[in-house]
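# Sequence plus predicted model, see below.
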Amino acid sequence: MPASRPLLALALLTLTGCHARYKKLAPRIGGVRPAVSVPGAPSLHLGQAAVPEVGSGNPVEDVVDAAVAVGTLAQAPKANGVLRRAVSPEAVAEALEASLLDAPLAGALPHEIGRDGKHVMQVTVTDYGVDVSGGVPTFFTSVSVRIDRKRDGKRVYRASTTCSEPLTDMPSVPLATVQKFQSLQGLGEVAALTPDELAAVAMVGVERCGQRVVERMVRHAS
């Protein structure tokens, strides 16, 4: 573990240096235009429900684990199918770009974000989809942002953000042994949604994530 500290310190120094560069150069770049890429389909993160541990020696826990295993096999494909039909890479890219352009705090930046910006603001969605591992199904969006100066390609800004928005309010399961059962319940909630219902909530999550990206840029520029 101690051996990882120099690497962590280097990462923090690099990140701090990047934000210091952005703070210095942002007032001079005039404007950036977002170029959003979403390279893959949405993911369904199952967490503990994906790998049930049957055979703990505790009969009650083993019954629960067996139920989770069966339930996961039944619910996961349906939930994943709803997710794939509801959320496309193209829809995520369109919603995220619109959010970046219209973010409430965009006017607080020392430069503009607009379709005619001189410099490219490369926004890559590295992962997105539904996570049920915590019990409450959430739509998550992981975004990497990079701005390079057009003149010489020098990096002006780099940062990563992960956003999570709850899909539905769910009662907690009153059984201490199973956080796992909560994951199973979350799968059921997702599987029960129509593609249109899931798409509506997912797009809200993507739009809010765009706003958070801009909020972080404002903090890094100040």
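Right, received. Where do you want to start?
# the bottom helix or strand of the protein by mean pLDDT?
Using mean pLDDT, DSSP states H and E, the weakest-scoring helix or strand in the chain turns out to be helix 5-25, at a mean of 60.
# mind checking the SS state of the residue nearest the centre of the chain?
Residue closest to the mean C-alpha point of the chain, counted by CA atoms, centre = their mean, is Thr141 at 1.8 Å. Here Thr141 is recorded as strand under DSSP: H, G, I helix; E, B strand; the rest coil.
# Which of the helices or strands spans the spatially closest residue to it that is not a sequence neighbour?
Sequence neighbours aside, Cys209 is the residue nearest to Thr141 in space, at 4.2 Å (criterion: CB to CB, 6 or more residues apart in numbering). No exception for glycine: its C-beta is placed from N, CA and C like everyone else's. Here Cys209, judged by DSSP states H and E, is contained in helix 195-221.
# What's opposite Asp127 in the beta bridge?
With DSSP bridges as the criterion, Asp127 is bridged to Ser142.
# you'd agree it is up against Ser43?
Yes - if you go by CB atoms under 8 Å, Asp127 and Ser43 touch, sitting 5.9 Å apart.
# Now do the strands in the protein.
31-37, 43-45, 112-113, 119-131, 138-148, 155-166 (DSSP state E).
# Redo these as JSON lines? Include distance to Gly205 and mean pLDDT.
Below are the strands of the chain laid out as JSON lines (distance: least, CB to CB, whole Å; pLDDT from 0 to 100):
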{"stretch": "strand 31-37", "distance to Gly205": "15", "mean pLDDT": "97"}
{"stretch": "strand 43-45", "distance to Gly205": "14", "mean pLDDT": "91"}
{"stretch": "strand 112-113", "distance to Gly205": "20", "mean pLDDT": "96"}
{"stretch": "strand 119-131", "distance to Gly205": "9", "mean pLDDT": "96"}
{"stretch": "strand 138-148", "distance to Gly205": "4", "mean pLDDT": "95"}
{"stretch": "strand 155-166", "distance to Gly205": "4", "mean pLDDT": "92"}
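# so which of those comes closest to Ala98?
The stretch from the strands of the chain with the least distance to Ala98 (CB to CB) is strand 31-37; that distance is 9.5 Å.
# What strands line up against that closest one, and which way round?
Here, using DSSP bridges, strand 31-37 pairs with strand 112-113 (parallel), strand 119-131 (parallel).
# Excluding covalently adjacent residues, which one is nearest to Leu187?
The shortest distance from Leu187 to any non-neighbouring residue, by CB to CB, 6+ apart, is to Gln75 (4.0 Å).
# Check Ala95 too.
Per CB to CB, 6+ apart, closest to Ala95 is Val206, 4.4 Å.
# State the number of residues packed around that neighbour.
Val206: 26 surrounding residues under other CB atoms under 10 Å.
# Isn't it up against Glu94?
No - the pair Val206 / Glu94 is not scored as a contact, 9.1 Å apart, by CB under 8 Å.
# thinking again about what came up before, switch the strands paired with strand 31-37 over to CSV; also include distance to Val145 and mean neighbour count.
CSV is the format used below for the strands paired with strand 31-37 (distance: least, CB to CB, whole Å; neighbours: other CB atoms under 10 Å):
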stretch, distance to Val145, mean neighbour count
strand 112-113, 11, 18
strand 119-131, 5, 20
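# Mind putting the ones you listed into a markdown table with distance to Glu165?
Formatted as a markdown table, the strands paired with strand 31-37 follow (distance: least, CB to CB, whole Å):
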| stretch | distance to Glu165 |
| --- | --- |
| strand 112-113 | 22 |
| strand 119-131 | 10 |
